[in-house]
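>>> I'd like to go over a predicted model; first the sequence, then the structure.
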Amino acid sequence: MALLELRGIKKSYKSPDGQIQEILDVPAFDVEAASEVAIAGTSGCGKTTFLNIIAGLLTPDAGQVRFEGQVVSDLGEAKRDAWRAKNLGYVFQTFQLLGGYTALENVLLGMTFGPGADRDFAAALLTQLGLGDRLRHRPSQMSIGQQQRVALARALANRPKIVLADEPTGNLDPRFALEALEMLRGLCREHGAALVCVSHDPRVLEAFDKSLDFRDLNLAMAREVPS
Ligand SMILES: Nc1ncnc2c1ncn2[C@@H]1O[C@H](COP(=O)(O)OP(=O)(O)OP(=O)(O)O)[C@@H](O)[C@H]1O
């Protein structure tokens, strides 16, 4: 049994003009424990929707998300939130740090929904990522690259079994993009977390031993009618 198993996932959105747009039709997708998976896809092809369904932030119209054999996509919202806090870290495309809180507090806040705030571990993660002298800085007082590293620390803070990364280097100066990616991969390896990284950036994809093309996973893309 794989750590994560998706079966028959479908998702459509209603566009503002009332048209139903099919975004996802993923018959099967598996992730083994402590493995790395890179997924290549163009902008707008549904990568974020896909990750949000894995994370339980969105529910599929059909199909199942199973984690360690448990069907998590059928859980109610509160149980999905609890499952996510315990098992999954998410590096969002736009980081989603809370502006009114310091770097350390941003990491600690995520922990309060999971195993509980562990100030020493949060500070150690941030220090490992080179932010030991930025613990009390708020996001607006940090560079984009530093904010990204806070987001990486927050994603690993609850010692998740799986980390999802949505264009983790998309907002970074190209010089720092690969460095951030290597930090993320190193943290996942160190903590035994599986990593699912989606990106359109060839440099990111080349860093992995192999990458999947989202077109091969998502049959809805093959049916897409060019506009
Ligand atoms: N809530 C929504 N309602 C209607 N359409 C949506 C909604 N969310 C996303 N979409 C549409 O679904 C498609 C896929 O969006 P998604 O954000 O998953 O793509 P993506 O591959 O992550 O793109 P990017 O790499 O540019 O972030 C887009 O065409 C988008 O316009």
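In hand now; what should we look at? Bear in mind that the values here come from a model prediction, so they are computed numbers and not experimental data.

>>> okay, CA-based contacts and neighbour counts for the rest of this
Will do.

>>> Any idea what the residue nearest to Tyr90 when sequence neighbours are not counted is bridged to?
Leaving out its chain neighbours, the residue that sits closest to Tyr90 by CA to CA, 6 or more residues apart in numbering is Leu164, at 4.8 Å. Beta-bridge partners for Leu164, by DSSP bridges, are Tyr90, Val196.

>>> Leu164 touches Ile53, doesn't it?
No. Checked against CA atoms under 8 Å, the pair Leu164 and Ile53 is beyond contact range at 11.1 Å.

>>> need the residues of this protein near the ligand, please.
Within the chain, the residues that sit near the ligand (CA under 6 Å from any ligand atom) are Tyr13, Lys14, Ser15, Ile23, Ser43, Gly44, Cys45, Gly46, Lys47, Thr48, Thr49.

>>> Go ahead and confirm the second one touches Ile23.
When you say that, I think you mean Lys14. No. Between Lys14 and Ile23 there is no contact under CA under 8 Å: 10.3 Å.

>>> quick one: contacts for the residue nearest to Tyr90?
Residues in contact with Leu164, defined by CA atoms under 8 Å, 6 or more residues apart in numbering, are Leu51, Leu88, Gly89, Tyr90, Val91, Leu195, Val196, Cys197.

>>> Strands of the chain, start to end?
Applying DSSP state E to the chain gives strands spanning 4-14, 20-31, 36-40, 62-67, 70-71, 88-91, 162-166, 194-199, 211-213.

>>> and the angle for the fourth one with strand 162-166?
Here strand 62-67 runs at an angle of 130 degrees relative to strand 162-166 (axes from the mean of the first three to the mean of the last three CA atoms, to 10 degrees).

>>> Many thanks, have a good one.
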